[in-house]
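Asks: Curious how this folds, go ahead:
(one chain, ligands or ions: 1)
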Amino acid sequence: MSNTAIINGGNRITGELVVQGSKNSVLPILAATVINGGINIIHNCPLIKDVYASIDILRSLGCVVSIEEDTVTVDSSNMSCDEIHQDLMKEMRSSVIFTGAILARCKKALISTPGGCELGPRPIDLHLKVFKALGVDVKETHGYIMLDGENTHCANINLDFPSVGATENAMLLACATPGTTVITNAAQEPEIVDLQDFLNGMGANVKGAGTSTIEISGTNDFCDVSHKVIGDRIVTATYLSAAAVTKGSIKINGINPNHINAITDMFSLCGAKINKGEDFIEMECKTGLNSVSCISTMPHPGFPTDAQALACTVLSVADGTSVVEENIFSSRFRHIPELNRMNADIITKDKLAIIRGVSRLKGASVTAYDLRGAAALIIAGLNAYGTTTVSGLEHLDRGYYLFENQLKNLGADIVRE
Ligand code: EPZ
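Replies: Numbering: from 1, shown residues only. Down below sits the predicted model:
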């Protein structure tokens, strides 16, 4: 499959779908499968590039992994290695999440710095601080990081920033560390709650996920586990954005609406009609969109940085001027020059994107530089007059499963070259 999509804009996006499982939930859960030394059955697993990269890491550690439709089974009983090759580390950001899990099982780990979307510097200092707080000896040399967890102990850990990954690494190591560990200023994303549920399913004792304080009582008595991954809230936001920019209507099943209140609040401010059920969201955008004074990305439950590019696309065709403020990453506006090539009217200044809405975008050839930017440019193409060519879709495939096919089923005129 090529890395380019061709979209002829103007078709309304209407219909119904079941959203894929959450990328940012399944990745730490796949890492956690090494902890129990047993069988881990994971349902609703999106078969995306980052999942395959995680499976490559699990197999390199000696785990046996099988895939049957959207169920992935990991047998970690014969795990035989505690090192991750740097080529595998470089594949994605969440390779770093394996560190806490490997330390929990093997008491030592050898990694190198992870890869991931280029959103500005992506340090792992908070992760290393967590490991040191838990008694791990950390040595960095020649790009490698050697971690010795022979003397790990419980701790009270206060995170300088509610880092999602650092919170997850703390949970993964602490669940197998004797005593009670308390994490304060923890990330509160729904994916953290899903990881807690998975760990408790294998016999861990974690509570408080979803709040800023998580308490973990360590154990070494784990069991097999079966778990269904939550729906992907950012992919849900992506399909809502597709309906929003084409005056369409959509119903998305398999999502907990409470996971995306900040996003649905934005669409309500834009004038969309929204109906929420226990496990679905419906949205109708038959009229044009209103502008929104300011959208500021914040840690959950604030507006998610992963939906920032989508917000820029939606507000670029809203009536009036909107401001989007990116507070989480220092270089996450690379989709803006590409949107301006499509006749958007956006200027950026430091953390701010000032968006003057236009009536409609114009087709152009644009390039995606990261995962969510790729999705946002495709959504822009659905609105634009004429033909839009989006290249760089190797980024998209890291997080979206059968995206073009789903959009086609909803009425889009889109082909993957
Ligand atoms: C997770 O990344 C997500 N990835 C990201 O989604 C998401 O954007 C991010 O959380 C914020 O919500 C996965 O879950 C796989 P962070 P993570 O640690 O854990 C700084 C996507 O599109 N920081 O919460 O890497 C960091 O530079 C991806 O699906 C440190 O300074 O995010 C950033 O500015 C993109 N030192 C901020 O904290 C550290 O040790 C938030 O990072 C760690 C992070």
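
Asks: I figured Met146 hits Lys139, correct?
Replies: Yes: the criterion here is CB atoms under 8 Å, and Met146 meets it with Lys139 at 4.6 Å. (C-beta placed from N, C-alpha, C; glycine too.)

Asks: Just want to know which of the two has more residues nearby.
Replies: Met146 (14 against 10; other CB atoms under 10 Å).

Asks: Which residues of the chain lie near the ligand?
Replies: Within the chain, the positions near the ligand by CB under 6 Å from any ligand atom are 23-24, 27, 93-94, 117, 122-127, 161, 163-166, 187, 305-306, 328-329, 371-372, 399.

Asks: Now which of those residues would you call buried?
Replies: Judged by neighbour count, with 16 or more other CB atoms under 10 Å as the criterion, the buried members of the residues of the chain next to the ligand are 23-24, 27, 93-94, 117, 122, 124, 126-127, 163-166, 187, 305-306, 328-329, 371-372, 399.

Asks: what pLDDT, on average, does stretch 405-416 get?
Replies: Summarised as a single mean, pLDDT over stretch 405-416 is 97.

Asks: From the centre of this protein, point out the most distant residue.
Replies: Largest separation from the mean C-alpha position in the chain: Asn151, at 32.6 Å (CA atoms, centre = their mean).

Asks: how about the helices in the stretch 301-417 of the chain?
Replies: Residue ranges of the helices in the stretch 301-417 of the chain, as given by DSSP state H, counting those that start in this stretch, are 308-316, 335-341, 371-383, 403-409.

Asks: My error: substitute the stretch 51-200 of the chain in the last question.
Replies: Counting by DSSP H, counting those that start in this stretch, the stretch 51-200 of the chain forms helices over residues 86-89, 98-106, 125-133, 164-174, 190-201, given from the N-terminal end onward.

Asks: can I get those in TSV with mean pLDDT and distance to Thr4?
Replies: Rendered in TSV, the data for the helices of the stretch 51-200 of the chain read as follows (pLDDT from 0 to 100; distance: least, CB to CB, whole Å):
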stretch	mean pLDDT	distance to Thr4
helix 86-89	86	26
helix 98-106	97	32
helix 125-133	96	35
helix 164-174	98	31
helix 190-201	98	30
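
Asks: Dump those helices into a markdown table; add distance to Asn253 as well.
Replies: Converted to a markdown table, the helices of the stretch 51-200 of the chain look like this (distance: least, CB to CB, whole Å):
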| stretch | distance to Asn253 |
| --- | --- |
| helix 86-89 | 34 |
| helix 98-106 | 31 |
| helix 125-133 | 35 |
| helix 164-174 | 25 |
| helix 190-201 | 17 |
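
Asks: How far away from the center of its chain is stretch 149-168?
Replies: Centroid separation between stretch 149-168 and its chain, computed with CA atoms, centre = their mean, to the nearest Å, is 21 Å.

Asks: Now the terminal residues of it, how far apart.
Replies: With CA to CA, to the nearest Å as the measure, the first residue of stretch 149-168 is 17 Å from its last.

Asks: Now do the contacts for Met89.
Replies: Met89 makes contacts with 95-96, 111-115, as judged by CB atoms under 8 Å, 6 or more residues apart in numbering.

Asks: Kindly reformat those residues as TSV containing pLDDT and neighbour count.
Replies: Written out in TSV, the entries for the contacts of Met89 read as follows (pLDDT from 0 to 100; neighbours: other CB atoms under 10 Å):
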residue	pLDDT	neighbour count
Ser95	85	27
Val96	91	26
Ile111	91	23
Ser112	86	20
Thr113	80	17
Pro114	80	23
Gly115	76	19
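
Asks: Farthest pair within those?
Replies: Considering CB to CB, no two members of those lie farther apart than Ile111 and Gly115, which are separated by 11.9 Å.

Asks: which neighbours do these two share?
Replies: The contact lists of Ile111 and Gly115 share 89, 95, where a contact means CB under 8 Å, 6+ apart.

Asks: unless I'm mixing things up, Gly357 is touching Ala318, no?
Replies: Yes: taking contacts as CB under 8 Å, Gly357 lies within contact range of Ala318: 4.3 Å.

Asks: any residues in contact with both of those two?
Replies: In terms of CB under 8 Å, 6+ apart, Gly357 and Ala318 are both contacted by the residues 289, 291.

Asks: Neighbour count for the two, which is higher?
Replies: Between Gly357 and Ala318, Ala318 has the larger neighbour count (other CB under 10 Å), namely 23 against 20.
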